[in-house]
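Sharing a model that was predicted from the sequence below.
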Amino acid sequence: MEEQLTQSANVEQFVSTEQVTSTEQVTSTEQVTSTDEIVTNLLKESLVDMFITVTLSDTSKYNIVLTSKQVELIILVIKLTPELFDNIKTSLSDVIKDNSIDSSDIPALLNLVEKVYEILYTTKELGLDSKSRQDLTLTILKLVISVLVKKNIIKIDLDKQTEFLLQINLLIDSSVRLLFFSKSIKKRGCLAKLFK
């Protein structure tokens, strides 16, 4: 939070000291943005930069071990769809706004899993099959949530962080299995050949 406030103050100071000295400096194609928009964009960029740094560093302190292939894929996802990580943060904030995770949060978690999977599905540059997309969905969600909690971007009491992460990871695992359960059922019987 302090880092965000410092960034916000620096941006406001920059914006307030920058002056347009002639009308030639502002072209018709440029948009003049408000300080709030600039701060929001900087915070989104810093969130993306943070996830790139974390992904490229030792993720074991977040209780996630990434293979080199997963690192490549996550970096590609970050570069292709940076808004995904802000969406995860926003969704997670909504889930825990009552300072707990319970059965009423399951639809929101299912929706979050579905959104991440959909983005991975529509990002053809990744070239993933269904199982790989499921695995990457799990990995991205667990990594992002762990980083957000451990870096105190999502506020959870220090003594409750481990329990929270355990519960949310179990719910994410269950959500992914539930969403893709029907695809794993093998049809048997005399009509099975019709439904292949």
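Yep, it's here. Numbering: from 1, shown residues only.

and stretch 89-96, which residues are buried?
Judged by neighbour count (16 or more other C-beta atoms under 10 Å), stretch 89-96 contains these buried residues: Lys89, Ser91, Leu92, Val95, Ile96. C-beta here means a position set from N, CA and C on the backbone, and glycine is covered the same way.

Give me the residues contacting it.
The contact list for stretch 89-96 (C-beta atoms under 8 Å, 6 or more residues apart in numbering) reads 47, 101, 105, 108-109, 111-112, 115, 144-145, 148, 153-154, 156, 164.

between those, which is nearest Ile75?
Distance to Ile75 across those (C-beta to C-beta) is lowest for Val144, with 13.5 Å.

Show me what the helix or strand hosting that closest one is packed against.
Per DSSP states H and E, Val144 falls inside helix 130-150. Identification of packing neighbours for helix 130-150 by 3 or more C-beta pairs under 8 Å, 6 or more residues apart in numbering; DSSP states H and E yields helix 35-56, helix 68-80, helix 83-95, helix 106-122, helix 161-179.

Would you mark the buried spots in the second one?
Residues Gln70, Leu73, Ile74, Val77, Ile78 are the ones in helix 68-80 that count as buried (16+ other C-beta under 10 Å).

Then stretch 102-116?
Applying a neighbour-count criterion of 16+ other C-beta under 10 Å, the buried positions in stretch 102-116 are Asp105, Ala108, Leu109, Leu110, Leu112, Val113, Val116.

With distance to Val176 added, can I get those residues in TSV?
Shown next, in TSV, are the buried residues of stretch 102-116 (distance: C-beta to C-beta, whole Å):
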residue	distance to Val176
Asp105	15
Ala108	15
Leu109	10
Leu110	9
Leu112	11
Val113	6
Val116	10
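
Lowest-confidence member of these, which is it?
Lowest model confidence among these falls on Asp105, which carries 81.

Quick check: which ranges of this protein have low pLDDT?
Of all residues in the chain, those with pLDDT under 70 make up the ranges 1-45, 99, 182-196.

Can you give me the distance of Ile74 to Glu83?
As judged by C-beta to C-beta, to the nearest Å, Ile74 and Glu83 stand 15 Å apart.

any idea which of the contacts of stretch 89-96 is closest to Leu170?
Checking the contacts of stretch 89-96 against Leu170 by C-beta to C-beta gives Ile101 as the nearest, at 9.7 Å.
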